[in-house]
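1. sharing a model that was predicted from the sequence below.
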Number of protein chains: 2
Amino acid sequence: MAKTDWKAEAKTLKKKLSKLKDRLEDGAEAVVAAVTKAAKPVSPLAPAGFPALPVIAGVEFAAVEAGVRYQHRKDVMLIRLAAGTAMAGVFTRSSTRAACVLDCQAKLAMKVPDGAGAAIIVNSGNSNAFTGAAGIASVAAVTGEVASVLNLPASRVFSSSTGVIGEPLPHDRITAKITELAEALHEDAIAMAAQAMMTTDTFPKGASATIEGDGGPIHIAGIAKGSGMIAPDMATMLVYIFTDAKISPAMLQKMLSRQVDDTFNAITVDSDTSTSDALLLCATGKSPAAEINGRSKVAKSFEAALRGVMLDLAQQVVRDGEGATKFVEVRVTGAASPEDAHRVAMSIANSPLVKTAIAGEDPNWGRIVAAVGKSGAQADRDLLSIRFGDILVAEKGWRNPDYAEDDGAAYMKQPELVIGVDLGLGKGAKTVWTCDLTHRYIDINADYRS
Amino acid sequence: MAKTDWKAEAKTLKKKLSKLKDRLEDGAEAVVAAVTKAAKPVSPLAPAGFPALPVIAGVEFAAVEAGVRYQHRKDVMLIRLAAGTAMAGVFTRSSTRAACVLDCQAKLAMKVPDGAGAAIIVNSGNSNAFTGAAGIASVAAVTGEVASVLNLPASRVFSSSTGVIGEPLPHDRITAKITELAEALHEDAIAMAAQAMMTTDTFPKGASATIEGDGGPIHIAGIAKGSGMIAPDMATMLVYIFTDAKISPAMLQKMLSRQVDDTFNAITVDSDTSTSDALLLCATGKSPAAEINGRSKVAKSFEAALRGVMLDLAQQVVRDGEGATKFVEVRVTGAASPEDAHRVAMSIANSPLVKTAIAGEDPNWGRIVAAVGKSGAQADRDLLSIRFGDILVAEKGWRNPDYAEDDGAAYMKQPELVIGVDLGLGKGAKTVWTCDLTHRYIDINADYRS
């Protein structure tokens, strides 16, 4: 038997060991990469950054760490509004809406004391919804403390809470921080306020507009939070929009109510409507421009600018849809009525099968046909046409003979998609915005509370 | 410098190598286990096996590989029904329903030639929906060939197609197989027929009942297919139920229509209604028992047995819900009206947030509150109560003070769950069945067509 050359054997073994170590390291790196990708904190559809919002004279912000639920992050924010600010709002129609929503609705209906200022206090981490009499007491405690510290009538302190449903709100943690918040109030802190109300949001949302009023510029700046449980019904998530316009509360409310249907009520992430949806619009009147009146040119341009800010914020909510990788516009035209157009658009936008096909970049237009069919709206197979962007996919009750599946597949690879459906029946039209349904949505929602 | 002991060094290196190999193997095993689990072919909620169904005299089955879309599996099945068979049916109300559904509806409304037999032909792989005039021609070609080979009036040949929407049905592949199918017809082949119509189903579905008629037993046996795109609207998926009862078509249809609301229309997997849903009920009259009449005791027991078979099949469809790991019964009571009860039950059963919480075994009852709130039904927060099985979770507008989250969490670990919601307003009640929403649903539906 030949003598073993242990030195050569050791050399070979060292090589083998080194190779095996490399494989383990490669494996570990792949795992780290996969985990990092899965935990990627910001939506791929997010805007490049938080926009530079104009300072709205008469609005001050502050945020603080109160530890309502989350630790080591700002979770309570306070907004002070100047004397004479006009307020308007829209809210969720959920029959199980939160105590703070009911309180806001009651207060907006009250007569405003002459020249009174106002305040808004918002916490994340706990929605104070389905919390019974204790929930009502919490709202009174929090808004009462703000009224006392800021020397405001209690009827002018509005509150919102967002987060888990059904847990008692530890309101002492909030009231303990009001003085600190009041001392920190600053006109140039709107970005921090947007950050403080985030829950599953991956980026803070802001939008603005400036128009020429009679005698000076009028500014609008808004912030929003929302990512899941998004299918607003006559209102939405948490949205605060500010303007320095001089305008009556009645006109402000009218414009807001008119614009909400085609903006916040035209988005859906998951068909689930929140118990906490609230949008407050506050006009401080601090602009040098004259008061906005009736049917003036300025009123029209103000309402258009307001709509622009609302739509921008609403679309940002969809872009931050839980797990979203695609931003989808669903354009329905040719419906027998506007109601039918809305039904068909939402039926498509909420269909799990359409949303998973989009996630898989599969141009599965048959699922769009099925979603039209189940919507309950009047539809005629032979008049229906379907488009992906400019690509005519189907018409006259069948696939367009010139449609190539490869074109549809290439189109679906884009991050922003337009699905066009024409029903060929009438003039009803509706455009809504949604996102795809991905594994990440399941990850986020099968493990939200732990 | 000490001389290196290469033998000892080699020994050490060998040990290290062996350990590293073990780690690699453990890693590989973990990967294999994870992949195997992900690809597990049969729903964890499936029954132990396909049940032993009674032979229904006068019904014969055959199935064949026609290669409509899938290869190497039976994808077309034929059923022949004896002369004098009474037929009844319910179908999808989708406005984009398939050509074969429209054809079945038209034929069921026609006068039946005296003593005529009947046939049903079903293919999987292609739904022949949204296929225009070509789709209608395909139905005529397939049913015409069956009529010719089996010597039946064309008006007595019913067809169903299930699979991808919007692709032309290659009906030649089916007509080429009719003679072969006719020659293979056999009374004892219902299990094979159940298998041949599966698409994303992970198990074939069957159920049966036997009752005592006047003068002999009456048997009922049914088969179903369905797994995704399940939210039947007045009908469902593909279901065929057979009985040897002697009964008029009118009475058969009446019983079927009466029972469909609390069985097939009380299930949902993903809120998406199919374009192909069809249920055909066929009574051959071959039982020695006397004809079933009006309000007799046998009529009642027959209808109850029929309901049992329908409910069993409907629940099997939910148990095979795409990606399902939990079978969930949602029991709503105390609603202001039956319609409200249905709305609330479906709002809970279709809520992506409720379904993902269940997938994550999270007793997140706040999401049930939100689903009640968004349903549009009358609800009063302070009268509402919520139960997980026998555990009272919430009542009187708040969490039950005796409820322990640990009990809820332990309950959610079970594969079969009952969510009870009492609205405390009236006598409206509705029970529906659904499943959870998991990663596997996304896997299946983001990649269905490839």
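-> Thanks, I have it.
2. can you pull the phi/psi pair for the residue nearest the centre of chain A?
-> With distances taken as CA atoms, centre = their mean, residue A:317 lies nearest the centre of chain A, 2.6 Å away. Residue A:317 has phi and psi values of phi -60, psi -40 when expressed as degrees, to the nearest 10.
3. separation between it and residue A:228?
-> Remark: distance between residue A:317 and residue A:228 (CB to CB, to the nearest Å) = 10 Å. To be clear about C-beta, it is placed using only N, CA and C from the backbone, and glycine gets the same treatment.
4. overlap of the contact sets of the two?
-> Residues touching both residue A:317 and residue A:228 by CB atoms under 8 Å, 6 or more residues apart in numbering or on different chains: residue A:269.
5. and the residue of the stretch 51-200 of chain A that's closest to chain B?
-> residue A:165 (2.6 Å; CB to the nearest CB).
6. find the nearest non-adjacent residue to that residue, please.
-> Among residues not flanking residue A:165 along the chain, residue B:366 sits closest, at 2.6 Å (CB to CB, 6 or more residues apart in numbering or on different chains).
7. ok, residue A:290 next?
-> Here the residue nearest residue A:290, using CB to CB, 6+ apart, is residue A:214, at 4.1 Å.
8. for residue A:245, see how far away that neighbour is.
-> Using CB to CB, one obtains 11 Å as the distance from residue A:214 to residue A:245.
9. got any residues that touch both of those two?
-> Joint contacts of residue A:214 and residue A:245 (CB under 8 Å, 6+ apart) are residue A:289.
10. quick check: mean pLDDT of whichever strand or helix holds residue A:311?
-> Take DSSP states H and E as the rule and residue A:311 turns out to sit in helix A:297-319. Mean pLDDT, taken over the full extent of helix A:297-319, equals 88.
11. still on that earlier bit, settle it for me: which of residue A:214 and residue A:245 has more neighbours?
-> residue A:245 (28 against 15; other CB atoms under 10 Å in any protein chain shown).
12. pretty sure that one is touching residue A:288, no?
-> No. Look at residue A:245 against residue A:288 with CB atoms under 8 Å: they stay out of range, at 11.1 Å.
13. since we're on residue A:107, how many residues are nearby?
-> Residue A:107: 20 surrounding residues under other CB under 10 Å.
14. whoops, I mixed them up, residue A:100
-> 29.
15. surely it meets residue A:160?
-> Yes. With contact defined as CB under 8 Å, residue A:100 reaches residue A:160; the gap is 5.5 Å.
16. what do the two both touch?
-> The contact sets of residue A:100 and residue A:160 overlap at A:276, A:278 (CB under 8 Å, 6+ apart).
17. still on that earlier bit, check contacts around the residue nearest to residue A:290.
-> Residue A:214 makes contacts with A:289, A:290, A:298, as judged by CB under 8 Å, 6+ apart.
18. any idea how far chain B is from it?
-> 43 Å (CB to the nearest CB, to the nearest Å).
19. return the alpha-carbon coordinates of stretch A:348-366 using CSV.
-> Presented in CSV, the C-alpha positions along stretch A:348-366 are these (Å, rounded to 0.1, in the frame of the first residue of the first chain):
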residue,chain,number,x,y,z
ILE,A,348,-62.1,45.7,-11.8
ALA,A,349,-59.9,47.7,-9.3
ASN,A,350,-61.0,45.4,-6.4
SER,A,351,-60.9,42.1,-8.2
PRO,A,352,-58.2,39.9,-6.5
LEU,A,353,-57.8,38.0,-9.7
VAL,A,354,-57.1,41.1,-11.8
LYS,A,355,-54.8,42.5,-9.1
THR,A,356,-52.8,39.2,-8.8
ALA,A,357,-52.5,39.0,-12.6
ILE,A,358,-51.1,42.5,-12.6
ALA,A,359,-48.6,41.5,-9.9
GLY,A,360,-47.5,38.6,-12.1
GLU,A,361,-47.3,40.9,-15.1
ASP,A,362,-49.8,38.7,-16.9
PRO,A,363,-51.9,40.5,-19.5
ASN,A,364,-54.9,38.3,-18.4
TRP,A,365,-57.7,40.4,-19.9
GLY,A,366,-60.2,37.6,-19.4
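20. nearest spatial neighbour of residue A:62, chain-adjacent residues omitted?
-> Once flanking residues are discounted, residue A:62 sits nearest to residue A:184: 3.9 Å by CB to CB, 6+ apart.
21. same question, residue A:409
-> Nearest non-adjacent residue to residue A:409, counting by CB to CB, 6+ apart: residue A:363, 5.5 Å away.
22. residues of the stretch 51-200 of chain A that sit close to chain B?
-> Contacts of the stretch 51-200 of chain A with chain B, taken as CB under 8 Å from any CB of the partner chain, map to A:92, A:94-97, A:127, A:129-135, A:164-167.
23. take those residues and keep only those in strands.
-> residue A:164 (DSSP state E).
24. need the buried ones from the residues of the stretch 51-200 of chain A next to chain B selected in ChimeraX.
-> Filtering those down to the buried ones (16 or more other CB atoms under 10 Å in any protein chain shown) takes a single ChimeraX command:
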select /A:92,94,95,96,97,127,129,130,131,132,135,164,165,166,167
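25. enumerate every residue touching residue A:148.
-> Per CB under 8 Å, 6+ apart, neighbours of residue A:148: none.
26. any weak-confidence spans in chain A?
-> A:1-2, A:23-41, A:231-237, A:447-450 (pLDDT under 70).
27. tell me where it has helices.
-> A:6-38, A:99-108, A:132-150, A:172-175, A:178-184, A:190-196, A:249-260, A:297-319, A:338-350, A:352-359, A:366-374, A:405-412, A:439-445 (DSSP state H).
28. so for residue B:221, which of those sits nearest?
-> Residue B:221 lies closest to helix A:366-374 among those, at 29.9 Å (CB to CB).
29. elements contacting the closest one?
-> Helices and strands touching helix A:366-374, as assessed by 3 or more CB pairs under 8 Å, 6 or more residues apart in numbering or on different chains; DSSP states H and E, comprise helix A:338-350, helix A:352-359, strand A:416-422.
30. try 6 Å
-> The contact analysis (3 or more CB pairs under 6 Å, 6 or more residues apart in numbering or on different chains; DSSP states H and E) places helix A:366-374 against helix A:338-350, helix A:352-359.
31. what comes up buried for stretch A:182-199?
-> Result for stretch A:182-199 [16+ other CB under 10 Å]: buried residues A:182, A:184-185, A:189-199.
32. switch the residues you listed over to CSV; also include distance to residue B:346.
-> CSV is the format used below for the buried residues of stretch A:182-199 (distance: CB to CB, whole Å):
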residue, distance to residue B:346
A:182, 47
A:184, 47
A:185, 47
A:189, 44
A:190, 41
A:191, 41
A:192, 42
A:193, 38
A:194, 36
A:195, 37
A:196, 37
A:197, 32
A:198, 32
A:199, 27
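33. which members of these are the farthest-apart pair?
-> So, those by CB to CB: farthest apart are A:182 and A:199, at 24.6 Å.
34. residues from the stretch 201-350 of chain A in reach of chain B?
-> A:270, A:272, A:273, A:275 (CB under 6 Å from any CB of the partner chain).
35. skipping adjacent residues, who's closest to the third one in space?
-> So the one you mean is residue A:273. Using CB to CB, 6+ apart and skipping residues adjacent in sequence, the residue nearest residue A:273 is residue B:374, 3.6 Å away.
36. how far away is that neighbour from residue A:96?
-> 8 Å.
37. residue A:161 too?
-> Distance from residue A:161 to residue A:96, by CB to CB: 14 Å.
38. circling back to that earlier point, now do the contacts for the residue of the stretch 51-200 of chain A closest to chain B.
-> Each residue near residue A:165 by CB atoms under 6 Å, 6 or more residues apart in numbering or on different chains is listed here: A:127, A:129, A:130, B:366, B:369.
39. what sits against the third one?
-> Think residue A:130. So residue A:130 contacts A:165, A:166, B:369 (CB under 6 Å, 6+ apart).
40. correct me if wrong: the last one contacts residue A:96.
-> Yes. Checked against CB atoms under 6 Å, the pair residue B:369 and residue A:96 is within contact range at 4.9 Å.
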